[in-house]
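> below is the structure, and that's it, no one-letter string:
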């Protein structure tokens, strides 16, 4: 059964990225995506695209945004809220780094609201922390504009 190899390949790619082997990590992710296409085993597809986005963001490559958007699209079509949350966190970090704090905050606020209070998965905690950071940035920008006026 070839259901789990894409997942394990994505984990391998994340491990390679932690050792700064981004080219090898991207190659492993491409292998995972090829396997998904070959077997039509789509359950890990959104997260593999998210991992690819993370790798491309780490390499400062512009294709990262398209990977995150593709991951979100796939997750939405599968009604896979957890995969969508993970992809949105990556996209929000990218947008934050690009100075798009409003877009990042809007994206995260919508998604964090889907999950019930008291559900404190690591991903939801990451999203909440990132949202709080973006809110603080926006508040500081407003205060700076008010001070200049």
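Alright, I've got the coordinates. Since we're looking at a predicted model, the values are computed, not measured.
> please identify the helix or strand for the residue lying closest to residue 74 once chain neighbours are set aside.
Take residue 74 and drop its neighbours on the chain: the residue closest to it by CB to CB, 6 or more residues apart in numbering is residue 46, 4.1 Å away. All C-beta atoms are positioned from the backbone trio N, CA, C, and that covers glycine. According to DSSP states H and E, residue 46 maps onto helix 45-58.
> okay, buried residues for that helix please.
Under the neighbour-count criterion of 16 or more other CB atoms under 10 Å, helix 45-58 has 45-57 buried.
> so after that helix, what's the next helix or strand?
On the C-terminal side of helix 45-58, the closest following helix or strand by DSSP H and E is helix 64-78.
> just the angle for the following helix or strand past that following helix relative to helix 45-58, thanks.
Secondary structure here is assigned by DSSP H and E; on that basis, the next helix or strand after helix 64-78 toward the C-terminus is helix 81-97. What separates the directions of helix 81-97 and helix 45-58 is an angle of 20 degrees, with axes from the mean of the first three to the mean of the last three CA atoms, to 10 degrees.
> quick one on the thing from earlier: any idea how far the residue nearest to residue 74 lies from residue 128?
When CB to CB, to the nearest Å is the yardstick, residue 46 and residue 128 sit 21 Å from each other.
> do residue 117 as well
As defined by CB to CB, residue 117 lies at a distance of 11 Å from residue 128.
> over to residue 97?
On the measure of CB to CB, residue 97 and residue 128 end up 19 Å apart.
> over to residue 104?
When residue 104 is compared with residue 128 (using CB to CB), they lie 13 Å apart.
> looking at those two, which has the bigger crowd around it?
Shown here are residue 104 and residue 128; by other CB atoms under 10 Å, residue 104 has more neighbours (27 against 14).
> that one against residue 96, yeah?
Yes: contact status for residue 104 versus residue 96: in contact at 4.9 Å, counting by CB atoms under 8 Å.
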